[in-house]
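Peer 1: what follows is a predicted protein model with its sequence.
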Amino acid sequence: MSVESQGRRVRERSRTPVRDVLAVREFRGIVLSQVASEAGDQIARVALALLVLSDTGSPLLAAATFAVAFIPSFVGGALLGPVADRFSRRSLMLGADLGRAALIMVMALVAVEGTPLWLLFALLLAAELFTPLFDSARSATTPEVLGDVALVATGAAVTRVLSLANQAIGLILGGLIVQLAGGRLALFLDAISFLISYALLVVFLKPRPPAKESTPSIGVLLADLGLGWKVLMADPSRRALVLLAWGMALSLVAPEAVGLAYVRQLREADTWGGLLMASVVTGAAVGAVLVGRRPPREQLDLILPLAMLMSLPLLVTGIEPPIAVLVVLWFLSGAAQAFLVPVMAFTTVLTANEQRGSVVGIAGAGFALLTTIGYLVVGWVASITSPAFAVVVIAVEGLVVASASYVVWPAAALRADIRRVEETGV
C-alpha cells in the first residue's frame, strides 16, 4: 500500500460522521430544542426590524433592533456564565426557555400601532437576557454529553449548521410573515418555539449535578468570573482563538446589519432583503458542513485562511452590484465564516469542565459586545453614506484583524493542545 493511500485511510478514520454525534440521544435533544427556538427567534427579530424600519425609515434604528438582541449576551454572558458551573445546567436551560417564552408573549400582546419603541426594545432586552445563560449551559453540557474531542468538534459543526439554517429560514420567513400577516404573529410563533424547546429538553436531557458546589453568593460568582478571565487569557491557545473571533465579529454582522436597508434603497420588496441576508447564513451553513467533516487538526489549519477569505467578497459590495450578484458574493463570504466552527469547539474542549461555564460565558460576552458595536457602527455609516459603503469599511477591518492574527498565531501550542485532548479526552 502506498504512503498516500495509508495517509488517506488515516484521515478517513479520524473523521467523525455526523450520524455518530446524532446517535447520542441527549445531543439529539439539544439540537432539536435549538431548531425549535432559534427559528422562531430569527423570524421575530426580522419582523421587529421591519416594523422599526417602516415606522422610522432609519437604517441605524433597524440595525439597532438586531444590536439590542446582543446587548444582554454581553452583560449576561459575563455575569451569568459562572452560574452554569455552579447550578444544574439542565435546570438553567429549562428556566431560560420559560422566561423567554413569557416575555416574548408579552411583547406580542403589546406590539400594536402606537406602542413606543423603547417598550418593545426593553422587552426584547429582558427576554434576551436569558439567552447567554442558556447558551453557556448548553455549550458546557455538550462535552459532557459527547465525551470525545472529535465528537465535540463534529457536534459544534452540527450546532453551527443548524443555527445558520435556522437563521436563513427565519430571515426569509420573517419578511414573508410580516407582509402576509403582520409582525405580531411572528412574535407569537417565537414564544411558542421556546415552549417546544422546553418540552424537548425535559424529554431528552438527563439531570446532572453541577460541576462545582452551588452557592447563592454573588461574591463567589464574581470570583468565578475573575478566575475564568485569568484562565482564558493565561493560555495562549484559548486566548488566540477567542481574540480572533472577537476581532472578526464586526465583519461577520456587516451584511445582516444593512441588508434590509440596501434593498429598501433599491425600492425592492422586503422579501428580497431577507433573501439577501439569508445568502450569508446559507453560505455559512455550507461552509460549516464542509469544515465540520474534517479531522480536528485539519480544522485547526483552516482557521486563519478562512478568516482572511471571509472579508474579500464583501469588498465588491462597494460598487453596488445587482442583488443577484450580491447574493453570490455574500454566500461566499458566509461560507468562509466556517472558521468559527473549530474556534468554538476548541475553546470549549481545551477548558476544564469546572471552568467551562465561566470561560464560554466570557468568550460569548466579548463576542456579543463586539457584535453589538458592529451592528451600530455599520448602521451609522450606512445612515451617513450608503449601506454598500458601510459593508466595505467593516470588511477592511476584518482583513486587518486576520492579517495581524497570522503574525501572533500560536500554531505549535494549538497543535500540541489538540493532540493532548485527543489522547486524554475532554
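Peer 2: Structure's in. What do you need?
Peer 1: list the buried residues for stretch 375-388?
Peer 2: Applying a neighbour-count criterion of 16 or more other CB atoms under 10 Å, one finds 375, 376, 377, 378, 379, 380, 381, 382, 383, 386, 387, 388 buried in stretch 375-388. The C-beta positions use only the backbone N, C-alpha and C, and glycine is treated the same way.
Peer 1: now that stretch, how far from the chain's geometric center?
Peer 2: 22 Å (CA atoms, centre = their mean, to the nearest Å).
Peer 1: same question for stretch 331-348.
Peer 2: In terms of CA atoms, centre = their mean, the centre of stretch 331-348 is set 10 Å apart from its chain centre.
Peer 1: can you show me the CA trace of it as CSV?
Peer 2: The C-alpha trace of stretch 331-348 is given here as CSV (Å, rounded to 0.1, in the frame of the first residue of the first chain):
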residue,chain,number,x,y,z
PHE,A,331,-22.9,33.5,0.1
LEU,A,332,-19.1,33.1,-0.5
SER,A,333,-18.3,35.4,2.4
GLY,A,334,-20.7,33.4,4.6
ALA,A,335,-19.0,30.1,3.6
ALA,A,336,-15.7,31.4,4.9
GLN,A,337,-17.3,32.1,8.3
ALA,A,338,-16.8,28.3,8.9
PHE,A,339,-13.6,29.3,10.7
LEU,A,340,-15.8,29.8,13.8
VAL,A,341,-16.7,26.1,13.9
PRO,A,342,-13.2,25.0,15.2
VAL,A,343,-12.8,28.2,17.2
MET,A,344,-15.9,27.5,19.2
ALA,A,345,-15.3,23.8,19.6
PHE,A,346,-11.6,24.1,20.6
THR,A,347,-12.3,26.9,23.1
THR,A,348,-14.7,24.6,24.9
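Peer 1: could you give the mean pLDDT of it?
Peer 2: Taken as a whole, stretch 331-348 has an average pLDDT of 90.
Peer 1: for whichever strand or helix holds residue 137, what does the pLDDT average out to?
Peer 2: In this assignment (DSSP states H and E), residue 137 forms part of helix 130-146. Averaged across helix 130-146, pLDDT comes to 82.
Peer 1: repeat for stretch 306-316
Peer 2: Averaged over stretch 306-316, pLDDT sits at 91.
Peer 1: follow-up on the earlier one: check the buried residues of stretch 375-388 and tell me the two furthest apart.
Peer 2: Maximum pairwise distance in the buried residues of stretch 375-388, criterion CB to CB, is 18.0 Å, between 376 and 388.
Peer 1: pLDDT score assigned to residue 6?
Peer 2: So, for residue 6, pLDDT stands at 40.
Peer 1: phi first, then psi, for residue 385.
Peer 2: With angles defined as degrees, to the nearest 10, residue 385 sits at phi -130, psi -100.
Peer 1: cool, and residue 205?
Peer 2: Phi and psi for residue 205, reported as degrees, to the nearest 10, are phi -90, psi 130.
Peer 1: just residue 410 next, same as before
Peer 2: phi -90, psi 70.
Peer 1: list the contacts for it?
Peer 2: By CB atoms under 8 Å, 6 or more residues apart in numbering, the contact list for residue 410 reads 236, 237, 240.
Peer 1: by neighbours, which of those residues wins?
Peer 2: Among the contacts of residue 410, residue 240 has the most neighbours (other CB atoms under 10 Å), with 22 neighbours.
Peer 1: look up how far residue 375 lies from that one.
Peer 2: Separation of residue 240 from residue 375 (CB to CB, to the nearest Å) stands at 25 Å.
Peer 1: quick check: residue 31 touching residue 163?
Peer 2: No - using CB atoms under 8 Å, residue 31 is not in contact with residue 163, being 9.5 Å away.
Peer 1: overlap in contacts of these two?
Peer 2: Counting by CB under 8 Å, 6+ apart, nothing touches both residue 31 and residue 163.
Peer 1: low-confidence regions, the stretch 251-400 of the chain specifically.
Peer 2: In the predicted model of the stretch 251-400 of the chain, residues 266, 268-274 satisfy pLDDT under 70.
Peer 1: ok so, going back, so which of the buried residues of stretch 375-388 comes closest to residue 259?
Peer 2: Nearest member of these to residue 259, counting by CB to CB, is residue 387, at 7.9 Å.
Peer 1: the closest one: what's it in contact with?
Peer 2: Here residue 387 is in contact with 59, 258, 259, 261, 262, 265 (criterion: CB under 8 Å, 6+ apart).
Peer 1: in helices, which of those residues appear?
Peer 2: Among the contacts of residue 387, DSSP state H puts 59, 258, 259, 261, 262, 265 in helices.
Peer 1: need the buried ones from those selected in ChimeraX.
Peer 2: Only the buried members of the ones in helices among the contacts of residue 387 enter the following ChimeraX selection, criterion being 16+ other CB under 10 Å:
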select :59,258,259,261,262
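Peer 1: now distance to residue 312 too, for the ones in helices among the contacts of residue 387, in a markdown table please.
Peer 2: What follows is the ones in helices among the contacts of residue 387, written out as a markdown table (distance: CB to CB, whole Å):
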| residue | distance to residue 312 |
| --- | --- |
| 59 | 24 |
| 258 | 18 |
| 259 | 19 |
| 261 | 23 |
| 262 | 19 |
| 265 | 23 |
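Peer 1: ok, so of the ones in helices among the contacts of residue 387, who is nearest residue 157?
Peer 2: residue 259 (25.1 Å).
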